[in-house]
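A.B. asks: with the input below, show me the fold.
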Amino acid sequence: MNTYGLIGFPLKHSFSAKFFAEKFCCEKIDAEYLNFEIEDIQEIRHIILFNQHLKGLNVTIPYKEQVISFLDEISPEAQKIGAVNVIKVDRKPGDMYYYRLTGYNTDYIGFKQSLAPLIDPGSHRKALILGTGGASKAVAQALTDMQIEWKYVSRSHRDDGFTYTDLSPEILSEYTLIVNASPVGTFPQTEDCPDIPYKLLTPRHLLYDLIYNPEETLFLRKGKTQGATTKNGREMLELQALAAWEVWNPIDTGK
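C.D. replies: Just a heads-up that it's a prediction; the model follows:
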């Protein structure tokens, strides 16, 4: 039986295990999907060595950037983004100590495909990305490729962004797409939300939250109250998971 899994910390409310368990059951795939909750990225070596049927890993917070130094190869897309959320594990039959790790980024695929139908080219020409972690890098690359100008929003000053205290009426009227790529508002901290001036939001705004648990975060709820269009990260996660499966099990076209 092939094994797949997820590394991150914490993993108590992970989407991936349930998604793949249902996929394996429905499609009668002889495989298992395990959560590997690790407090140190160094533990990835132990996971791979002691799970000899492991074929692939998903990577989540806080390891999407840290894991890169453990990889033998990285796809051009993931290299460009600077973050990895999928690892393919290749082994040599009969040699339990040999493995080769290749990193990919399917967050980019999932986010871009999920966001595209919501974009109004006339209204959504500039975006704010809340958070600066690994997931935000995939969001930034997708927005760049969609020709949407973007800025990060974080607690500290940086050249390519604003701080939360910078967010003025002028900025909010110009940046009408707001993406929460931070973990703020994730279950069980459901009464937390990014510190933006929600009263400045309008029906012209589109709020996208990468969080999927809860289904409607306080960030989205406050946006909806102001008439903004909102969407959570559930579809993005499903799309990136399907893309990850294709990485682990590429379709043989016969070419």
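A.B. asks: so how many other residues sit close to L34?
C.D. replies: 15 (other CB atoms under 10 Å). Quick note: C-beta positions are derived from backbone N, CA and C, even for glycine.
A.B. asks: can you list phi and psi of it for me?
C.D. replies: Main-chain torsions, L34, degrees, to the nearest 10: phi -120, psi 150.
A.B. asks: who touches it in this structure?
C.D. replies: T3, Y4, G5, L6, A17, N51 (CB atoms under 8 Å, 6 or more residues apart in numbering).
A.B. asks: do the same with P197
C.D. replies: Counted by CB under 8 Å, 6+ apart, P197 has contacts L167, P169, L172.
A.B. asks: follow-up on the earlier one: of the contacts of L34, the lowest pLDDT goes to which?
C.D. replies: Here the lowest pLDDT out of these sits on A17, with 93.
A.B. asks: so it, which of the three states?
C.D. replies: When classified by DSSP: H, G, I helix; E, B strand; the rest coil, A17 comes out as helix.
A.B. asks: wait, it touches L6, no?
C.D. replies: Yes - in terms of CB atoms under 8 Å, A17 counts as a neighbour of L6; the distance is 6.6 Å.
A.B. asks: give the residues shared as contacts by the two.
C.D. replies: Common contacts of A17 and L6 (CB under 8 Å, 6+ apart): Y33, L34, N35.
A.B. asks: did I read that right, the last one in a strand?
C.D. replies: Read it as N35. Yes - under three-state DSSP, N35 sits within a strand.
A.B. asks: next up, identify which helix or strand A78 is on.
C.D. replies: Secondary structure from DSSP states H and E places A78 in helix 76-81.
A.B. asks: which one of the contacts of L34 is nearest A116?
C.D. replies: Nearest to A116 among the contacts of L34: L6, at 26.3 Å, using CB to CB.
A.B. asks: next one: the closest one from P214, what distance?
C.D. replies: Look at L6 and P214: by CB to CB, to the nearest Å, they are 20 Å apart.
A.B. asks: so between the two, which is more surrounded?
C.D. replies: Between L6 and P214, L6 has the larger neighbour count (other CB under 10 Å), namely 20 against 17.
A.B. asks: which SS class is the more buried one?
C.D. replies: Secondary structure of L6, per three-state DSSP, is strand.
A.B. asks: V139 contacts F111, correct?
C.D. replies: Yes - assessed by CB under 8 Å, V139 is found in contact with F111 at 5.7 Å.
A.B. asks: pLDDT below threshold where in the stretch 1-150 of the chain?
C.D. replies: Residue ranges of the stretch 1-150 of the chain with pLDDT under 70: 13.
A.B. asks: domain ranges for the chain?
C.D. replies: Per the record, the chain has its domains at 2-105, 108-236, by automatic domain parsing.
A.B. asks: format those domains as TSV; extra columns: distance to P250.
C.D. replies: Formatted as TSV, the domains of the chain follow (distance: least, CB to CB, whole Å):
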stretch	distance to P250
domain 2-105	9
domain 108-236	15
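A.B. asks: what ranges do the strands span in the protein?
C.D. replies: Residue ranges of the strands in the chain, as given by DSSP state E, are 2-8, 31-37, 54-59, 73-74, 86-92, 95-104, 126-130, 149-154, 161-163, 177-180, 206-209, 229-231.
A.B. asks: and the fifth one, what's buried?
C.D. replies: In terms of neighbour count (16 or more other CB atoms under 10 Å), strand 86-92 has its buried residues at V86, I87, K88, V89, R91.
A.B. asks: quick one: which of these is nearest to F162?
C.D. replies: Nearest member of those to F162, counting by CB to CB, is V86, at 30.7 Å.
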